[in-house]
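A.B. asks: Requesting a structural model of the entry that follows:
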Amino acid sequence: MQQVSKEYLELIPNLFKSFQRLNQKASSLTHLQNQILEYLFMYQHPLAIKQISEGLNVPKQQMTDVLKRLFDQGLITRKQNQNDKRSFVIELTEEGKTTQQEKWSKVYQNFVNDLSKLTGEEQLDLQYALHKVNFLLKKMEER
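C.D. replies: Sure thing, here's the model as predicted:
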């Protein structure tokens, strides 16, 4: 058990660092700006600022300035919430959607470039290891 825990805890920063590197090469936006756009892109419909704030675990006060910059860049729109006239909903513009699609294409290409550093056998090993880790983590959630 102790060795499994040690390997798992080593996996988290390795994955985070690897993805962060792939992501940094793909976008000129800040980390939080990227998170907000990714969150909106994932949901594909307008979200209240509170929903975004809670979903990303970022204080609403911190979101205000970041959302304004994204709005000024033409990546999001801000409309009055039809369900609650006191709040607003945020949605990706077409440019925001395109930006996200292009970013994910770049992330994929960066990953492919990294994969090319491995031999064919190492790529198969990585594929199997990732499949197995994903499968076992999902299995652990079920219990």
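
A.B. asks: State the helix or strand in which the residue nearest to residue 63 when sequence neighbours are not counted lies.
C.D. replies: Nearest residue to residue 63 in three dimensions, chain neighbours excluded: residue 53, at 5.3 Å (C-beta to C-beta, 6 or more residues apart in numbering). For the C-beta atoms, the positions are set from N, CA and C on the backbone; glycine is no exception. Element membership of residue 53, judged by DSSP states H and E, is helix 49-56.

A.B. asks: hang on, the earlier thing: now do the contacts for the residue nearest to residue 63.
C.D. replies: The neighbours of residue 53, taking C-beta atoms under 8 Å, 6 or more residues apart in numbering as the test, are 59-60, 63.

A.B. asks: Tell me which of the residues you listed fall in helices.
C.D. replies: 60, 63 (DSSP state H).

A.B. asks: Are any of the contacts of residue 53 buried, and if so which?
C.D. replies: Applying 16 or more other C-beta atoms under 10 Å to the contacts of residue 53, the neighbour count classes residue 63 as buried.

A.B. asks: Name the SS class of residue 91, please.
C.D. replies: Counting by DSSP: H, G, I helix; E, B strand; the rest coil, the backbone at residue 91 sits in strand.

A.B. asks: per-residue pLDDT, it?
C.D. replies: Residue 91 carries a pLDDT value of 95.

A.B. asks: Any idea how many residues pack against it?
C.D. replies: Residues lying near residue 91 (other C-beta atoms under 10 Å) number 16.

A.B. asks: Next one: the residue nearest to it when sequence neighbours are not counted from residue 117, what distance?
C.D. replies: Take residue 91 and drop its neighbours on the chain: the residue closest to it by C-beta to C-beta, 6+ apart is residue 46, 4.1 Å away. As for residue 46, its distance to residue 117 is 41 Å (criterion: C-beta to C-beta, to the nearest Å).

A.B. asks: Of these two, which one has the most company?
C.D. replies: More crowded of residue 46 and residue 117, by other C-beta under 10 Å: residue 46, with 18 against 8.
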